[in-house]
Every structure is written in C-alpha cells, then in structure tokens.
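Engineer: what's the 3D shape of this:
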Amino acid sequence: MNERGVSVFNFEEYGFFNPSPNFREMTILQMISKDPQVSQENIAKGVGIVPSMVNRYLKDFEDRSFIVKTGENRRQMNYEITAEGKKRLQFLVVSFINEVSRIYFETKKSFDNVLKTLERSDLSTILLYGAGVVGGIVLKVLTSEGINVAGFIDDSIAKQEEKLYGINILNPQNLEKLRYDAVIIASFKHSEEILMKAKKYNLRNIFIFKIDDTGNVSLVKEE
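Structural biologist: Have a look, this model is predicted:
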C-alpha cells in the first residue's frame, strides 16, 4: 500500500521473481486507474523503477491510446485511462492471475505427500511451530485443503500474542489446555533445533518436513 492507499504488489519480498515489462505495465495502469493524479515519483516507487523509465512507459501508453494526459506541468498532471487502456489492463490482470494460479497449483503438488499423511492419520487440527516464511507457506497450503491451523508456536517473545495471517502466535510453554491433533515444525533449516525445544515442552504428535531429491516434501513423525 503506497502513501495514497493504492495497493501495490511488492516484488522485492520475493527472491525468485523479477518484475517483467508486462507486470510493470499492469501495475502502472492500475495505479493510474485508482488515482488519476498519481505522480511519476510515486509510480516509480510502486513499480520499483527510476522516474525516467516511468516517463517512457507513459509516453508509450499515450502512443497506444491507453491514457490521455491533461495538465500544465508535472505537478498538475492528470492521467485518464481510456477504454483501450481499460481493455489492456483487464487483459494483463487476467494473464497475471492465470500465471500465478499455475505457479500455485504446481507448488501445491510438492506438498501432496504432506496432505496424504495428514489425511491418513486423521489429523485435522494443527499447530505450526515457526511463525516465519515457511510457516506462512504451510498455512496457505493446509487451509486451502480445509485443514484447521489452530495457531502458530514461536519462541520469540516479540512474536507471541501477535498474529500471522490472522492466526494467533502462541508461547510453547502455555499449550497444556489447547486441543490439537499434531504439531508440524514449520522450518527446514532449524528443524532439529525446534524439535529439541518441542520435546522439552512436552508437545505431542510432532512432525517434521523432509525434502527428497526431486523437491517433493513429506512429513515424518518423530517418536
């Protein structure tokens, strides 16, 4: 969300993806559509490019009849998106959603063995130990399959009593009265360290992730 309240997808948070020209085009058209008075500086910040490149995109949009510029100078500039511009934006958004959904379903295949393990063991209420990036990914996969994530567990005092994606982050020492079927250690790099802590706190039915040579993920129960 930028300073004018326009929602912007931040690719800087994603190390495996770089914005394409089509993505930049879509984002600029979205920003103009939501705020006709948006400045080139704010567009540059939102898209992650230099202002001079923004100017080239805007000139291209004019040449292709996607926008009409009005105003005496850059400080008073308005950008009106045309019918052709709206059609182009719709096409780009649909294409973006299609590609993202394909990535999501391909990623979900890597977790097939995880979901099968939970189904076979009749595990429907889960705690995720680790309120980080991996925990967020696992949460999205599990909830999309109707599995209830009752909470995150994290050793960080700063995170405890907060929420991640709307899910409570819990103190591992205060779970005696909480009902759950299993604890999944939501970490690859620190799984052994977290496992030791989970055992120390007498958590039950603990599972950790394993990744095979093909990149598929499975759950292994710790005895």
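Engineer: would you map the helices across the protein?
Structural biologist: With DSSP state H, the ranges of helices along the chain come out as 21-34, 40-47, 51-63, 83-109, 112-120, 133-144, 191-200.
Engineer: in the first one, what counts as buried?
Structural biologist: For helix 21-34, the neighbour count (16 or more other Cβ atoms under 10 Å) marks 23-33 as buried. From N, CA and C alone the C-beta is placed, and that goes for glycine too.
Engineer: between those, which is closest to A182?
Structural biologist: Nearest to A182 among the buried residues of helix 21-34: F23, at 38.7 Å, using Cβ to Cβ.
Engineer: does the closest one really touch E99, like I thought?
Structural biologist: No. If you go by Cβ atoms under 8 Å, F23 and E99 don't touch, sitting 9.7 Å apart.
Engineer: which residues touch L123?
Structural biologist: L123 sits next to 117, 147, 181-182, 205 when contact means Cβ atoms under 8 Å, 6 or more residues apart in numbering.
Engineer: using a markdown table, please lay out the helices of the chain together with distance to G151 and mean pLDDT.
Structural biologist: As requested, those are arranged in a markdown table below (distance: least, Cβ to Cβ, whole Å; pLDDT from 0 to 100):
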| stretch | distance to G151 | mean pLDDT |
| --- | --- | --- |
| helix 21-34 | 35 | 94 |
| helix 40-47 | 34 | 90 |
| helix 51-63 | 43 | 94 |
| helix 83-109 | 23 | 87 |
| helix 112-120 | 16 | 84 |
| helix 133-144 | 10 | 86 |
| helix 191-200 | 14 | 92 |
